[in-house]
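> pasting a predicted model and its sequence here:
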Amino acid sequence: MPVRSPAARVGAVPGFVRLIPLPLFLLQPLLDRVVRRLAADLPEVFDRLGRHRTSRFVIDAREMPFVLVLRPDPDRPLFAACPRHREPEHEARVEGRFLDLLGLVDGDRDGDALFFSRDLQITGDTEAVVCLRNALDDVDGSIAERVAAMLGPPGRLALSVLRRAGTGPR
Amino acid sequence: MALALTLGPIPYHWSAEEKRDFYARIADEAPVEVVYVGEVICSKRSPFFDRELPEVIERLERAGKKVVLASLAEVILKRERAMTAALIESPDHEIEINNNAGLFHARGRQHRIGPLINVYNEHTLRFLAARGATHFTLPAELPREAVAVLAAAARDIGVGIEVQVFGRASLALSARCYHARAYGRSKDNCQFVCEEHPDGMPLKTLAGADFLVINGIQTLSAGYVSLVDRIDELRAIGVGHCRLMPQRIDMVGVAAVFAQRIGGAIGPDEAAARLLALDLPAPLANGFWHGVAGERRVAAVP
Amino acid sequence: MNRPAKKRPELVCPAGTPAALRTAVEAGADAVYCGFQNATNARNFPGLNFTPDEMAGAIAHAHAAGTRVLLAVNTFPPAGKFGLWQEAVDLGAELGVDAFILADIGVADYAARVHPGIRRHLSVQAAASSPEAIRYFVEEFGIRRVVLPRILTVGEIRALADEIPCEIETFIFGNHGLMIEGRCSLTNYVTGLSTNMDGVCSPAAEVRYDTGVDGCVSTRLGPHIIDRFAPGEQAGYPTICKGRYFAPARGEAYYAFEEPVSLNLAPLLPELIAAGVDAFKIEGRQRSRAYVRAVVAAFRKAIDATLAGGRPELAELVALTEGQRQTEGAARTKRWR
């Protein structure tokens, strides 16, 4: 894969993502809250994950200035934003456009189709990724909306702006 | 229990002359008790050998071999249905069924079940035996543990169990002819291009590894299955017959090695070494027997 | 058998998870098919399928909406492990499934003897492709419906319909498997897990995607590279039968079995209904809710339009297909073979 510098990627960030100009140290408590709340609300997701609860996933939304690290372990959940140059060790890595990834989490997009069209790239433990995808897909409704609701009116506003941006030309 | 050697049907498209010569040598020199004959893979190939078949059968029987007629693996077309129905009417020979269509006709008559019928468990075995099946050659992918349970069930009801011990494993069947496809042709217009590969058409991976072998609608393993160093296990769990699948190599030599091993003249290590000394064009594999990837060769536990 | 024209065929839809099942019901499925979380069904994939509790809830949900639930118990129990398949059948009966989808002779015999009141369908895994094979299963196990292998032309299906005493279900959309189902050990040859016995095909745990310095992505199954995609080139499922290989007659690596394409028989719906097909099956229990929603809704519309005397609108489903390409496979012409 051609290695692009983090700066180059940030340069390609579409305008809507700049709506969340949070520095990482402000973002992190938010992510903590989100993952703990989801772990409490959606126990069936973790049953489906089986042994991959302890797998570490790096989620790379290409337009974001940072990557997300997820360990979907209900007892020790981890959801953190990481600078690209300090990507931690992981079992699996998923890379795609932000809105495609959001669509996956929300059950609006089909993972196989995104893979076939090469919009989704998977490296590392393929089984862990398939398992996570299947587990998330069994959540009725929108996980993004749950998260937005958790964050109150600013969250809802941010989500609706993101989605509007997503319906524009890509 | 005595272990008998058998020779499975020729899977590839050899010319009538080659087949005739092959079976003449088998009749004269190969220490096999049973020979399965007939076209299993492609109904279009059958006419090439139909005329020679009675003579070949007679030749084999004169040499003391028991001859079993094998049925087609795939039955879709009218002629394939007719061939299957006609085979079961054969008055003088036992038949081996390789497609579910054959089960329909064979009910209530004595017949054998081939390795391309899915007999994976003792319940299926007992059901088919109750309908007239007397002998079962098991699917190539069955592991030792399952074969042991099947052999015990077979002993209880008095039917035979046969396991492939040599030759390429049949891995998949399709309606599409991949030989024709490789040459940009369709199955109906194949011009019998499969004849160009008497030991199958090799497929290599992008990394250059020998991987699979194409034989018309059939996909086979690149490696040759060999259980020559597992004969004692086969005997111990109650397998009665060991099947050699014809390859384009010295099959008389192969049969001799297995016969010596079964008879106790040579040990497992020497038998394996003698097989390899026959200058086989493919590596040996026994993974299926051990419940691991079929292409692997698991070393014998001393 | 003389069949009345324009009978209403059933739309049979995949459900890999309870959420997918609810989605299929909402999108207009007449029936859904699903399985338990073990080797008793042919989509034994990580994170997929139903616990007994989930199955009970799913059946209640489906039945409340008038949708039937078909339980896939369509793998082949290896000797010594038959009990797991018995349990699946018994549990399905206890939970009130509308039919079993069966492949193994031993399992079919068990279901017929112990639960004679529950419909039995013959899985595509049983590879029954001739009137004789189908009649064998009908007569021996009281099979009410056969799921036909994806290898027959419409003409062959029409001829078959006249010769067999049971309903016909055909695949209409989804993964286009090239090997005859129930007769393929390719995965076991490479991974040690069997499609027939373990219900897996190219298990994800054995699949790796490696990106080279040239930007090409190599697909590895176990120790073998089975395909490589240039940047931007459409990808397919990481199965051996969709891989590229070298053969003596070919200068370059080629798709020896089939290109990455999906089956889409939407254009043939009127012909298939006229041929006597009783049910149309959408493949894809391993796919997402998004796929189920889009494909089920599209085929609901297409079938209803056909029954109303129109031609089905060609659904915009290409985006969901493997390699972003679709095929009518074997259905249109024998030349496919």
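That came through, no problem.
> state which helix of the chain is the longest.
Since no chain was named, I'll use chain A. Assignment by DSSP state H gives helix A:24-41 as the longest helix of chain A.
> switch to chain C, that's the one I care about
helix C:289-307.
> quick one: residues in contact with the helix or strand just after that one.
Once the chain leaves helix C:289-307, the next helix or strand it forms, by DSSP states H and E, is strand C:326-327. Contacts with strand C:326-327, where a contact means CB atoms under 8 Å, 6 or more residues apart in numbering or on different chains, come from C:176, C:261, C:262, C:263, C:264, C:317, C:318. Glycine gets a C-beta too; all of them are placed from N, C-alpha and C.
> ok, residue 140 - contacts?
All of this refers to chain A. C:19, C:22.
> I was after chain B.
Applying CB under 8 Å, 6+ apart, we find residue B:140 in contact with B:115, B:164, B:169, B:170, B:171, B:225, B:288, B:294, C:185.
> tell me the SS of it?
On the three-state scheme (DSSP: H, G, I helix; E, B strand; the rest coil), residue B:140 is labelled coil.
> the closest residue to it other than its chain neighbours: what's it in contact with?
Closest residue in space to residue B:140, ignoring its immediate chain neighbours: residue B:169 at 4.0 Å, by CB to CB, 6 or more residues apart in numbering or on different chains. Contact analysis of residue B:169 by CB under 8 Å, 6+ apart lists B:140, B:141, B:220, B:221, B:225, B:285, B:288, B:294, C:185, C:189.
> can you check residue C:212 too?
Here residue C:212 is in contact with residue C:218 (criterion: CB under 8 Å, 6+ apart).
> per-residue confidence at it?
Among the per-residue scores, residue C:212 shows a pLDDT of 90.
> with the one 3 residues further on instead?
According to the model's per-residue confidence, residue C:215 sits at a pLDDT of 89.
> that one against residue C:233, yeah?
No. Counting by CB atoms under 8 Å, residue C:233 is not a contact partner of residue C:215; they are 10.3 Å apart.
> am I right that residue C:174 is in contact with residue C:284?
Yes. With the criterion set as CB under 8 Å, residue C:174 and residue C:284 qualify as a contacting pair; they are 4.8 Å apart.
> shared neighbours, the two?
Shared contacts of residue C:174 and residue C:284 (CB under 8 Å, 6+ apart): C:14, C:295.
> returning to that earlier point: so is the residue nearest to residue B:140 in a helix, a strand, or just coil?
strand.
> how far away is it from residue B:289?
Counting by CB to CB, to the nearest Å, the gap from residue B:169 to residue B:289 is 10 Å.
> not counting sequence-adjacent ones, nearest residue to residue B:56?
residue B:23 (4.7 Å).
> ramachandran coordinates for the one you found?
phi -70, psi -30 (degrees, to the nearest 10).
> check contacts around it.
B:35, B:37, B:56, B:59, B:60.
> could I get these as a markdown table with pLDDT?
Putting these into a markdown table (pLDDT from 0 to 100) gives the following:
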| residue | pLDDT |
| --- | --- |
| B:35 | 98 |
| B:37 | 98 |
| B:56 | 97 |
| B:59 | 97 |
| B:60 | 98 |
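> just send those residues back as a markdown table, with secondary structure and neighbour count too.
Listed next are the contacts of residue B:23 as a markdown table, based on DSSP: H, G, I helix; E, B strand; the rest coil; neighbours: other CB atoms under 10 Å in any protein chain shown:
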| residue | secondary structure | neighbour count |
| --- | --- | --- |
| B:35 | strand | 23 |
| B:37 | strand | 23 |
| B:56 | helix | 21 |
| B:59 | helix | 18 |
| B:60 | helix | 22 |
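> which stretches of chain A aren't confidently modelled?
Along chain A, the model assigns pLDDT under 70 to residues A:1-23, A:164-170.
> cutoff 80 now
By pLDDT under 80, the low-scoring segments of chain A are A:1-27, A:30, A:151, A:154-170.
> picking that back up, quickly note the distance from the residue nearest to residue B:56 to residue B:264.
Residue B:23 is 28 Å from residue B:264, by CB to CB.
> could you do residue B:253 as well?
19 Å.
> and for residue 138, the neighbour number?
Going with chain A. Other residues within reach of residue A:138, judged by other CB atoms under 10 Å in any protein chain shown, total 24.
> my question was about chain C, not that one.
Using other CB under 10 Å, residue C:138 has 21 neighbouring residues.
> identify the residue spatially nearest to it, adjacent ones excluded.
residue C:166 (5.0 Å).
> can you pull the phi/psi pair for that neighbour?
The phi/psi pair for residue C:166 (degrees, to the nearest 10) is phi -150, psi 170.
> wait, it touches residue C:144, no?
Yes. Residue C:166 lies in contact with residue C:144 (CB under 8 Å); the separation is 5.6 Å.
> more crowded one of the two?
Legend: neighbour count by other CB under 10 Å for residue C:166 and residue C:144, higher for residue C:166 (20 against 15).
> and the more buried one, what's its pLDDT?
At residue C:166, pLDDT is 97.
> report how many residues lie close to the closest residue in space to residue B:199 that isn't next to it in sequence.
Once flanking residues are discounted, residue B:199 sits nearest to residue B:248: 3.9 Å by CB to CB, 6+ apart. Residue B:248: 15 surrounding residues under other CB under 10 Å.
> cool, residue B:265 as well?
Residues within reach of residue B:265, counting by other CB under 10 Å, total 12.
> kindly indicate whether it is helix, strand or coil.
Following three-state DSSP, the label given to residue B:265 is coil.
> helices and strands around the helix or strand bottoming out on mean pLDDT in chain B, which ones?
For chain B, using mean pLDDT, DSSP states H and E, the weakest element among its helices and strands is helix B:47-50, scoring a mean of 91. Judged by 3 or more CB pairs under 8 Å, 6 or more residues apart in numbering or on different chains; DSSP states H and E, helix B:47-50 is in contact with helix B:16-29.
> how far does the helix it packs on sit from the chain's center?
How far helix B:16-29 lies from its chain's middle: 17 Å, per CA atoms, centre = their mean, to the nearest Å.
> can you give me the strands for chain A?
Along chain A, the segments classed as strands by DSSP state E run A:57-61, A:66-71, A:78-83, A:92-96, A:120-124.
> tell me which of those sits nearest to chain B.
strand A:120-124 (18.5 Å; CB to the nearest CB).
> whichever helix or strand residue C:11 is part of to helix C:289-307, inter-axis angle?
Element membership for residue C:11 (DSSP H and E) is strand C:10-14. With axes from the mean of the first three to the mean of the last three CA atoms, to 10 degrees defining the directions, strand C:10-14 sits at 170 degrees from helix C:289-307.
> OK, now which residue of chain B is nearest to chain C?
residue B:123 (2.9 Å).
> element containing that residue?
Applying DSSP H and E as the criterion places residue B:123 in helix B:122-130.
> how about the helices in chain A?
Taking DSSP H as the test, the helices found in chain A are A:6-11, A:24-41, A:43-49, A:98-105, A:111-116, A:126-137, A:143-150, A:152-167.
> near chain C at all, the fourth one?
Yes. With CB under 8 Å from any CB of the partner chain as the threshold, helix A:98-105 lies in contact with chain C, specifically through A:103, A:104.
> hmm, who's touching that helix?
Residues from elsewhere that reach helix A:98-105 (CB under 8 Å, 6+ apart): A:17, A:59, A:61-64, A:94, A:96, A:108-109, A:111, A:114, A:119-120, A:133, A:136, A:143-144, A:162, A:165-166, A:170, C:288, C:290.
> thinking again about what came up before, residue contacts, the residue nearest to residue C:138?
Taking CB under 8 Å, 6+ apart, we find residue C:166 in contact with C:122, C:134, C:138, C:143, C:144, C:145, C:146.
> the residue of chain B closest to chain C and residue C:110 touch, don't they?
Yes. Counting by CB under 8 Å, residue B:123 does reach residue C:110; the two are 6.7 Å apart.
> okay, now the unreliable bits of chain C?
Residue ranges of chain C with pLDDT under 80: C:1-7, C:177, C:311-337.
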